[in-house]
Structures are given as C-alpha cells and as structure tokens.
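**Student:** Return a 3D structure for these sequence lines:
(2 chains)
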Number of protein chains: 2
Amino acid sequence: MSEKGPTFKDIQEAHKRIKSFIHRTPVLSSKSINGILDIDLVFKCENFQKVGAFKFRGATNAVRQLSKQEAEKGVTTHSSGNHAAALSLAAKQLGVPAYIVMPETAPEIKKKAVEGYGAKITFCKPTLQAREETLKEVQNETGATFIHPYHNFNVICGQGTAAVEFLEEVSDLDVIIAPIGGGGLMSGTVLSAKAINPELKVFGAEPLQADDAFRSFNKGVLIPAGPPNTIADGLLTSLSSLTFKIIRENLDGIYTAKEETIIAAMRMIWERMKIIVEPSAAVPLAAVIENKYRLKNKKVGLIVSGGNVDLTKLPF
Amino acid sequence: MSEKGPTFKDIQEAHKRIKSFIHRTPVLSSKSINGILDIDLVFKCENFQKVGAFKFRGATNAVRQLSKQEAEKGVTTHSSGNHAAALSLAAKQLGVPAYIVMPETAPEIKKKAVEGYGAKITFCKPTLQAREETLKEVQNETGATFIHPYHNFNVICGQGTAAVEFLEEVSDLDVIIAPIGGGGLMSGTVLSAKAINPELKVFGAEPLQADDAFRSFNKGVLIPAGPPNTIADGLLTSLSSLTFKIIRENLDGIYTAKEETIIAAMRMIWERMKIIVEPSAAVPLAAVIENKYRLKNKKVGLIVSGGNVDLTKLPF
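**Tutor:** Residues are numbered from 1 along each chain as shown, chains lettered A, B, ... in the order given. Below is the predicted model:
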C-alpha cells in the first residue's frame, strides 16, 4: 500500500458512499457530568453504531469500493475485536464472503457475533506471527482482499465520517478528543476536524499503560507498543506508518489517562448518562478528568468509540 | 383524598404544565432484539428522564400545582427509591423545600442523590409503620404537603404523559406494556393510551414473585403484596385503591415474568441496545419473551421505566 494519506475530500466522498448503510449516531450531553467537571462536554455516541462501534464506518467504506472481481472473492482480516464484527457485517450487507482469522483464545461472545454475521472463522494460535501467517494462508486459498483495521486508506476515510457528523451537529466545538489505538479513528477525526475548522484543537487520548502513540508523537519516531497492560482492550495496537504520519503532522497533542481514571470515567458515563460504553470509549473522558485545567471554558467534543463489553467482567 | 380518578384531559393539562421541565425522552428500537424475538418492538426510554426515571413527571406535576402557601411549607414523602429523588429535584427546581423520610438502611448512593438535590432527610427504622409515623411527625413539624408516590391524582396525571409522547411519536402501536408496582405509571399509561386509541391493547407487566397486581386484577379485589422477593426493586409496592380502580376498569390484562427472564431481558437490553435499564424496567420485555405467541405480528410499545442501578450489584 502506498503511504499517500487521505484528504478531507476523500472522507466526504466516503460519507456519501456509506451514509445509507450506517447509523447516524446521536450526540448526547449530560448536565450532571458537566456540573461535576465544570466543562461543557458533548459526546458523539458510536456505541450506538451498527455492531456497537465506529469500526463499521471504515469497514463499510472499504467493502463498498471493491471491484466486482474482488467482491466475488471476498474480504479477510485478522482481529478478535470490533473490526472483525464490522467487516463481517459490512461484507454480509453487500453479499460478499468474509474470512476472519481469530486467535483460538478469543472470547466466545466475539466468535458468536462474527459467526452470526455469516463470516467464516479460521482459528490460529494467539500470537501476531500466527495471525499473520494464517491470514496469508487464507488469502492464498481464497484470493480475498485483506482489509487492515487501520493501515488502510479507505478504512481511515470511513472512520473520519464520525467527526463530519459531529461537527455538522455541534458547530461550535473548541476541542475534539478521540481515543488512539492503531490510529484509524484518530487519523480520520483529525483530518475531518482540521479541514472543517482549522482553529479546532484535536487531541488523542491513550491509556498511560499503553502509551506508545504518546511516546511516538512526542519523540517524532514510531515506537511500537510494548506489552500493553490496560483495561482499554480496544487500544492495545500500535500505530502504523500511515496513521503515525497523519497524526504526527496534524494532531495538537496526546493526553494519557491512568487505569483508575479510565474506570471512573466509564462508570461516570454508565451512571450519569445511562449508556453502555466500553473501557476504550471512556479514555477521552478520563483524559478530560486528568487534564481539566487545560480545558477550562472550552466546549469539548468526545468521540465515544464503542459499547461492546463483557457484562460478566466489569471493573466495578 | 377523594377516589375520583384523572381523565385524559387532566393528563393533557399535566403535559402542558410539565413539558418544559422534563426531558422528552427518546423512542428507540433494536433490529437485533426484533430479530431474536420476531416481534416489532419500540421502547420509550424513561431511563433518560431527569433523575433517571419516569417518576420525575409525576413529582413535577404535583409540586407545580401547590398553592403559594403550600409551596412555602414544602413537600414530603417516604421513599428510598426513585420517587424520593424525583420529588427532591422537582421541589428544588421550584425553590420549594423537600423533606424525605428514608429507612436508615437505604443504599448510600440513594441518600447522596437525595441530599445532592438539597432535600432534608429524616431517617427511620426500615418498617412501613416507622416510615408512616416518621412522615406524620415531619408533616406536623413542617406543615409540608405529602406527595404519595402513586396514590395521588396529580402524580398519576404526570406519569400518563410518557404514553402521550410515545403515541405522538409512534402512532401505529397495537399494544403498550408498562411495568406495575404501585400502579401510578400503569394507571397514567392506560388512561392516555385508551383515550388516544380505544383499539390499543394495554397490558401490565409484573414479576411473578411480586404478582399482587396480577392476582388483584384477576380476582377483582385488591390483594396487598405479600413479602415480595424480586430483583425488580421498583415493583415491590402494592396497588392503592385509586390505582387499582383505574387498572381494573381499563387494563386488558397483566403478564407476569420469572426472575430469570427479567435478568435475561435486562441483559438483552444492555447488550443489544447499549443502554442501562434497571431490573424493573426490563419486566415488560421479560413479559414479551414469556408471552411471545400472544403478540405475533403486533407492533408493541414498551415503557422503560428507569435506569438507576447499583453497578456493583449486577445480576450477571
């Protein structure tokens, strides 16, 4: 893949392309959270997106651009998380086969979700090497197109559409904060936000215990994730060369948040807003809590990335 | 209090009166739940109401009708649940004092919520007798007006406004189901629904292990609740003479649901809709699950009564 990054025009075209297949998710706010933190916060709620996460935007944008020949052969990826479910459903809606490589240790609930969308699962040992090798085998066998969860032009464009909708609805934001894992959502968000309003400050939010993006951004070189140890299971991955480039060139900064603040933020959203968000989706609010003094008198938009949680393993 | 029940006109007036003080809560649906149950369901989400429960409607309607003299002396009630919080906030918004009698065993979180709304709490032993005696003392001392959680004309009118909004938004419902505890929400709902569309079937939903309304309705005499033993802690109370009369004369029937179905329904809403509902609020969906065959090809509206749960004591 070439390293040419998307432009805002690409994101606008993606939005036109996927609009009728995705949910336009609600923008919510909470007087009670605003009162506690004394900041004006609004939340773009991708936990209400199809498959329960923003990932459906990027996956849909990617599958909708397959050529007829590619579509016949299907799509593939390795993932045990939201991207697997998103790609499976996006493919199913188009009537295209999906082949998902999953570690055999993936939670039963994730396997069922992917199967429920009609994808074919190939299990592998739970190492990155095994995942990549198995993916290669699947590709060789099926000829399916690999849709990377974030190192992919079309996926990034799709993820950028959440910020487009957000700013259509709330035009007077001063700051937008999105979580950073592999950087797909962050890249799309910063490209959209800066194009729509160059004055807007855009920050990433990352668990302190998985702060590879923070360190990469500040050092100016891509540092791969060490063994991350965070409850925010959607943010374990490292940036790719493509997402790192976009982030380094456009982002205003990255905030980190401690594990206990992430859990407190998640609980605050559950209790006060009565909506279910996954730990990764609470990281931007956690970052706000730890950096309140920097955000005084600002109107701050947070992207809530998803709502897929195992209810039997809650941190409270 | 006279036993004259409210009319639909009283509910319409209540709606005009409280409209600007309450949230117009969203109506949501879930393709995934509809697919699992093969029924067309829509949910009126009072978990997003102020204080997290429909109770704020009735409390607001009651306090907004106090005379100037009454308002000066304030309002009082005994409750450890959503009505206490609702009355406290409704009173606070009007600048009226609220005196809440609470059992000393009430959960810390409920005490804090009520205190947070500026109400004065008087603690008592956790028996109905102690609650009633303490309430009398508070009334004697303060001259405050007692706002009963459901045996109250104005409260019932307020609760009936949820169904008004529901049917404004979804005009082609065949069935509405609401949970029954003391019967305030159920009474208001059936009065509104039957007035707006006499063809509409209206059912109550009650835990099998707290089925006093079911037994009262079917016997035609008011049977007080035995010692109820259900996770649906909002539905422990018995009907009053007033709510029983309205329910007996208007309701099409009452469905019961087993504890395990209530828990499964609650979990289904959390996992599929990504919203937080309390166990009582899941009882209508549980009733649908147990009575699916009766609802084939119907469009069914469920009133989600509230979303206040102790996250450290979940049943999953």
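**Student:** just the residues of chain A that are near chain B, which are they?
**Tutor:** Within chain A, the positions near chain B by Cβ under 8 Å from any Cβ of the partner chain are A:26, A:47-48, A:52, A:267, A:270-271, A:274-277, A:307, A:311-312, A:314, A:316. Glycine gets a C-beta too; all of them are placed from N, C-alpha and C.
**Student:** ok, now with 10 Å
**Tutor:** A:26, A:28, A:31-32, A:35, A:45, A:47-52, A:109, A:116, A:266-267, A:269-278, A:304, A:306-316 (Cβ under 10 Å from any Cβ of the partner chain).
**Student:** For the buried ones among those, write the corresponding ChimeraX selection.
**Tutor:** Of the residues of chain A next to chain B, the buried ones can be selected in ChimeraX as follows, counting by 16 or more other Cβ atoms under 10 Å in any protein chain shown:
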select /A:26,28,32,45,47,48,49,50,51,52,266,267,269,270,271,272,273,274,275,276,277,278,304,306,307,308,309,314
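**Student:** For A:Phe13, grab phi and psi.
**Tutor:** One thing to correct before we go on: residue A:13 is Glu, not Phe. phi -70, psi -40 (degrees, to the nearest 10).
**Student:** For the residue of the stretch 1-150 of chain A found nearest chain B, list the residues it contacts.
**Tutor:** For the stretch 1-150 of chain A and chain B, the shortest gap (Cβ to the nearest Cβ) falls at A:Asn47, measuring 4.8 Å. By Cβ atoms under 10 Å, 6 or more residues apart in numbering or on different chains, the residues touching A:Asn47 are A:25-26, A:53-54, A:269, A:275-278, A:281, A:304-309, B:273-275.
**Student:** Name the next helix or strand downstream of the helix or strand bottoming out on mean pLDDT in chain A, please.
**Tutor:** Least confident element among the helices and strands of chain A, by mean pLDDT, DSSP states H and E: helix A:108-116 (a mean of 87). Proceeding N to C from helix A:108-116, the next assigned helix or strand is strand A:120-124, under DSSP states H and E.
**Student:** between that following strand and helix A:108-116, how big is the angle?
**Tutor:** Relative orientation of strand A:120-124 versus helix A:108-116 (axes from the mean of the first three to the mean of the last three Cα atoms, to 10 degrees): 140 degrees.
**Student:** A:Ala14 contacts A:Gln65, correct?
**Tutor:** Yes. The pair A:Ala14 / A:Gln65 is scored as a contact, 8.9 Å apart, by Cβ atoms under 10 Å.
**Student:** who touches both of those two?
**Tutor:** A:Phe153, A:Asn154, A:Cys157, A:Gly158.
**Student:** Skipping its backbone neighbours, what lies nearest the third one in space?
**Tutor:** In space, A:Cys157 comes closest to A:Ala14 once its chain neighbours are excluded; the distance is 3.9 Å by Cβ to Cβ, 6 or more residues apart in numbering or on different chains.
**Student:** One more: the second one?
**Tutor:** The shortest distance from A:Asn154 to any residue other than its chain neighbours is 4.2 Å, reached at A:Ala62 (Cβ to Cβ, 6+ apart).
**Student:** Can you give me the distance of that neighbour to A:Val51?
**Tutor:** For A:Ala62, the distance to A:Val51 (Cβ to Cβ, to the nearest Å) stands at 14 Å.
**Student:** give me every residue that touches A:Glu249.
**Tutor:** A:Glu249 touches A:Gly5, A:Val190, A:Leu191, A:Lys194, counting by Cβ under 10 Å, 6+ apart.
**Student:** any idea how far A:Glu141 is from it?
**Tutor:** Distance from A:Glu249 to A:Glu141, by Cβ to Cβ: 39 Å.
**Student:** Just the element for the most centrally placed residue in chain A, please.
**Tutor:** Nearest to the mean C-alpha position of chain A, counting by Cα atoms, centre = their mean, stands A:Leu185 at 4.5 Å. Applying DSSP H and E as the criterion places A:Leu185 in helix A:184-196.
**Student:** Helices along the stretch 51-200 of chain A, start to end?
**Tutor:** A:55-63, A:68-73, A:82-94, A:108-116, A:128-142, A:153-159, A:161-169, A:184-196 (DSSP state H, counting those that start in this stretch).
**Student:** Domains in chain A, by residue range?
**Tutor:** Listed by automatic domain parsing, the domain ranges of chain A are A:8-53+A:154-304, A:56-152.
**Student:** measure the last one end to end?
**Tutor:** Domain A:56-152 has an end-to-end distance of 14 Å (criterion: Cα to Cα, to the nearest Å).
**Student:** Please state the offset of it from the chain centre?
**Tutor:** Relative to its parent chain, domain A:56-152 has a centroid offset of 16 Å by Cα atoms, centre = their mean, to the nearest Å.
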